[in-house]
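Q: predicted model, plus sequence, below.
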Amino acid sequence: MAESLRETAAWRRLEWHVREVQELHLRDLFDGDPGRGERMTAEAAGLYLDFSKNRVTDDTMHLLRRLAAERGLEEQVRAMFRGEKVNVSEGRAALHVALRMPRSRSLVVDGSDVVKDVHDELARMGELAERLRGGEWQGATGRPVRAVVNIGIGGSDLGPAMVYEALRPFADSELRFRFVSNVDPANLTRALEGLDQAETLFVVVSKTMSTLETIENARAARAWLEAALGSEGLERHFVGAAANVEAGAKIGIPPENMLRFWDWVGGRTSLCSAAGFSLVAALGADGFRSLLAGFHAMDEHFSGTALGGNLPALSGLLALWYRSFFGVQTQAVFAYSHALRLLPAYLQQLWMESNGKSVSVLGEPVAGDTAAVLWGAEGTNAQHAVFQLLHQGTVLVPADLIGFARPLEGPQPQHDLLAANLLAQAEALAFGRTEDELREAGADAETIPHRVMPGNRPTSAILAERLDPPTLGALIALYEHSVFTQAAIWGIDPFDQWGVELGKELAARIAPELATDWKRELMHDSSTNALIRRYRALRDGK
Ligand code: F6P
């Protein structure tokens, strides 16, 4: 990264080039190039990416690859995979890729083979999970566990919850799974509905074991157990996962029930670590390994494939193209899959916590924009809610449309209707419908202005055969590395999240101030002071 971003030759050329491309319509790009739909594609780890319906030409892609080269993307990828301290502001490696390396590999970081450590911990997770699944793990009263409640937030919740929902057809149907994240007591209350204390195990996941929400929910879970079972043997109802295993003691989890992950695992990329223990319990050790194999296949592809055919790099380059050169504010993801309905929330943390930055790795203000807002919903539902704006609104929202050829639940003919909708939306967004076409179709003249579909709305389609563990692993890794690609080019640290700290500190300061008998003067701004007083009055009925 020798030169600053805007000084690179490729950046300067892209600034000119975008003006030409903005004048082009996808209709013309396809009319003038019959091979475009076949050529602008890439395939890896069971995923097929069609990026031809993006507002790019071959020159655009060439310039974006040059930009990546000038910004040293490939060297930055190598540095991450070697375990260098790429999380600069926290002085740490970001080695989520080591979590899914096969046992035969070795990666020595700070004198320790992290792949060996990973596999030792995976073996422990597997043993624990098999005891659970086999009914050998018994609670305080000697009854086997039948329900697992994952307590965690952010990366300690979104990944396990999303993957569990996505892969339910592969999960042990004898075990019930619930996920609790919010400090709102309603979350735990609802999650516990219908569960029997004697048969419930809590999996408390927190890298730091200090996160307010998780600690409070773990305490409340213990109180719920205690009310029915008394205080003896409750340790048999808890498993913990943390970077600091000793910290489990502060919520009463003994060391033998603690699973370990490491400082070099970021929260939002932790699902392949002990943070994913609930998934090992659901899918079994073999199922979890097959998820990891999918991640690893995409890791290998990302680190070993030239940019022109590299799915995560292409995805990252396109996102950067729209954000930095078209100036889009948002980007969307629509998975045509009910099972993947939690994917947008998962990707939001990955995308926005990673790249929502305004200083470079060197701590200097960034030159230009970083991450767009990522949002999304489940297809086809989103078509009946938000797609009107995508088709005819005044903002440009590049979108990824994700689909699968074969259903895991339900009949193929109905699934074909789902797929038809994905393909139709991509076509309608790209090509729209002109005034002439409407007139020819006999549309009422007065309605024509309302019915014209401008098109030229970009999408990338991601297709796979079916939503199974390796495919899902590959899909998640694709987005992890897409996010990394964008960060590497923008020159920001995608692995820290200092921006979330101030709010946590202020909440800790405000919490005691909400007490009815708080006597000291409130020292916030006038709005916060007034809101605190109003809250107390509303709560206390005064
Ligand atoms: O507040 C943000 C964050 O630190 C995320 O990065 C992380 O995934 C989440 O909180 C939970 O943190 P922990 O696993 O330490 O409880």
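A: Nice, I can see it.
Q: what's the burial count for the residue in the stretch 401-542 of the chain that the ligand sits nearest to?
A: Per Cβ to the nearest ligand atom, Val500 is where the stretch 401-542 of the chain lies closest to the ligand, at 4.0 Å. (Each C-beta comes from the backbone N, C-alpha and C, glycine too.) Burial measure for Val500: 11 neighbouring residues, criterion other Cβ atoms under 10 Å.
Q: what about it, which SS state?
A: When states are read from DSSP: H, G, I helix; E, B strand; the rest coil, the local structure at Val500 comes out as helix.
Q: distance check, the closest residue to it other than its chain neighbours against Val397.
A: Counting by Cβ to Cβ, 6 or more residues apart in numbering, Glu353 is the residue found nearest to Val500 once chain neighbours are left out, at 7.4 Å. As judged by Cβ to Cβ, to the nearest Å, Glu353 and Val397 stand 21 Å apart.
Q: next one: Gln388
A: Distance of Gln388 to Val397, given as Cβ to Cβ: 12 Å.
Q: Pro34 too?
A: In this structure, Pro34 and Val397 are separated by 28 Å, where distance is defined by Cβ to Cβ.
Q: check Ala42 too.
A: From Ala42 to Val397 the distance is 23 Å (Cβ to Cβ).
Q: still on that earlier bit, Gln388 and Val397: who's more crowded?
A: Set side by side, Gln388 and Val397 show more neighbours around Val397, with 22 against 10, by other Cβ under 10 Å.
Q: just checking, the more buried one touches Phe326?
A: No. The criterion here is Cβ atoms under 8 Å, and Val397 misses it with Phe326 at 10.8 Å.
Q: now the residue most central in space within the chain: which helix or strand?
A: Using Cα atoms, centre = their mean, the residue of the chain that lies closest to the mean C-alpha position is Leu347, 2.7 Å off. Counting by DSSP states H and E, the secondary-structure element that holds Leu347 is helix 343-348.
Q: in terms of secondary structure, what does that helix contact?
A: Based on contacts counted as 3 or more Cβ pairs under 8 Å, 6 or more residues apart in numbering; DSSP states H and E, the elements that helix 343-348 packs against are helix 158-166, strand 330-335, strand 373-378.
Q: okay if I get the ones you listed as CSV plus mean neighbour count, mean pLDDT and distance to the ligand?
A: Written out in CSV, the entries for the helices and strands packed on helix 343-348 read as follows (neighbours: other Cβ atoms under 10 Å; pLDDT from 0 to 100; distance: least, Cβ to the nearest ligand atom, whole Å):
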stretch, mean neighbour count, mean pLDDT, distance to the ligand
helix 158-166, 25, 98, 8
strand 330-335, 23, 98, 19
strand 373-378, 20, 98, 16
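Q: coming back round to it: from Ala332, how far off is the residue nearest to the centre of the chain?
A: Counting by Cβ to Cβ, the gap between Leu347 and Ala332 amounts to 10 Å.
Q: overlap in contacts of those two?
A: Shared contacts of Leu347 and Ala332 (Cβ atoms under 8 Å, 6 or more residues apart in numbering): 374, 376.
Q: how about the residues of this structure by the ligand?
A: Proximity of the chain to the ligand is confined to 153-156, 206-208, 211, 214, 267-268, 353, 497, 500 under the rule Cβ under 6 Å from any ligand atom.
Q: need the contact list for Pro458.
A: With contact set as Cβ under 8 Å, 6+ apart, Pro458 has these partners: 26, 53-55, 322, 396, 398-399, 429-430.
Q: the residues you listed into CSV, with extra columns for pLDDT and neighbour count?
A: Listed next are the contacts of Pro458 as CSV, based on pLDDT from 0 to 100; neighbours: other Cβ atoms under 10 Å:
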residue, pLDDT, neighbour count
Leu26, 98, 22
Lys53, 98, 27
Asn54, 99, 22
Arg55, 98, 23
Tyr322, 98, 22
Leu396, 98, 18
Pro398, 98, 24
Ala399, 98, 25
Leu429, 98, 24
Ala430, 98, 21
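Q: looking at the residues you listed, which are in helices?
A: With helices defined by DSSP state H, the entries of the contacts of Pro458 inside them are 26, 429-430.
Q: might you report the residue contacts of the closest residue to Ala464 other than its chain neighbours?
A: Here the nearest residue to Ala464 in space, its sequence neighbours aside, is Thr471; by Cβ to Cβ, 6+ apart that works out to 4.7 Å. Taking Cβ under 8 Å, 6+ apart as the contact definition, Thr471 lies against 45-47, 294, 404, 464-465.
Q: doesn't Thr471 belong to a helix?
A: Yes. The assignment for Thr471 (three-state DSSP) places it in a helix.
Q: torsion angles phi and psi at the nearest residue in space to Ser273 that is not next to it in sequence?
A: Counting by Cβ to Cβ, 6+ apart, Ser273 lies nearest to Phe261, which is 3.8 Å off, once chain neighbours are set aside. Torsion angles at Phe261 (phi, psi; degrees, to the nearest 10) stand at phi -130, psi -180.
Q: the protein: strands as residue ranges?
A: Applying DSSP state E to the chain gives strands spanning 41-44, 47-50, 108-109, 112-113, 147-151, 176-180, 200-205, 238-242, 258-260, 330-335, 373-378, 399-404, 459-464.
Q: dump the ones you listed to CSV, plus distance to Phe288.
A: Shown next, in CSV, are these (distance: least, Cβ to Cβ, whole Å):
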stretch, distance to Phe288
strand 41-44, 22
strand 47-50, 20
strand 108-109, 23
strand 112-113, 21
strand 147-151, 14
strand 176-180, 14
strand 200-205, 14
strand 238-242, 13
strand 258-260, 13
strand 330-335, 21
strand 373-378, 25
strand 399-404, 21
strand 459-464, 19
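Q: just to revisit the earlier point, which residues are common contacts for Gln388 and Val397?
A: With Cβ under 8 Å, 6+ apart, Gln388 and Val397 have no common neighbours.
Q: the bottom helix or strand of the chain by mean pLDDT?
A: Confidence across the helices and strands of the chain bottoms out at strand 108-109, with a mean of 92, counting by mean pLDDT, DSSP states H and E.
Q: what strands line up against that strand, and which way round?
A: As defined by DSSP bridges, the strand partners of strand 108-109 come to strand 112-113 (antiparallel).
Q: rewinding a little: give the contact list for the residue nearest to Ser273.
A: Contact analysis of Phe261 by Cβ under 8 Å, 6+ apart lists 121, 207, 241-243, 270, 273-275.
Q: show me those residues that map onto helices.
A: Secondary structure assignment (DSSP H) places Glu121 from those within helices.
Q: make CSV out of the contacts of Phe261 and add pLDDT and neighbour count.
A: Formatted as CSV, the entries for these read as follows, by pLDDT from 0 to 100; neighbours: other Cβ under 10 Å:
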residue, pLDDT, neighbour count
Glu121, 98, 19
Lys207, 96, 26
Ala241, 98, 31
Ala242, 97, 24
Ala243, 95, 20
Ser270, 98, 25
Ser273, 98, 29
Ala274, 98, 29
Ala275, 98, 29
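Q: out of the contacts of Phe261, give me the two with the largest separation.
A: Greatest spatial distance among those (Cβ to Cβ): Glu121 and Lys207, at 13.9 Å.
Q: let me know the pLDDT of the residue nearest to Val500.
A: For Glu353, the pLDDT comes out at 98.
Q: and Lys116, how many neighbours does it have?
A: One way to gauge burial is a neighbour count; for Lys116, by other Cβ under 10 Å, it gives 14.
Q: wait, it sits on Ser104?
A: No. With contact taken as Cβ under 8 Å, Lys116 and Ser104 are classed as non-touching, separated by 11.0 Å.
Q: who are the contact partners of the residue of the stretch 301-450 of the chain found nearest the ligand?
A: With Cβ to the nearest ligand atom, the shortest gap between the stretch 301-450 of the chain and the ligand falls at Glu353, namely 5.8 Å. Taking Cβ under 8 Å, 6+ apart as the contact definition, Glu353 lies against 154, 268, 497, 500.
Q: sorry, back to before: next, format the contacts of Phe261 as CSV and append distance to Glu90.
A: Output for the contacts of Phe261, formatted as CSV (distance: Cβ to Cβ, whole Å):
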residue, distance to Glu90
Glu121, 22
Lys207, 12
Ala241, 20
Ala242, 17
Ala243, 12
Ser270, 15
Ser273, 17
Ala274, 20
Ala275, 18
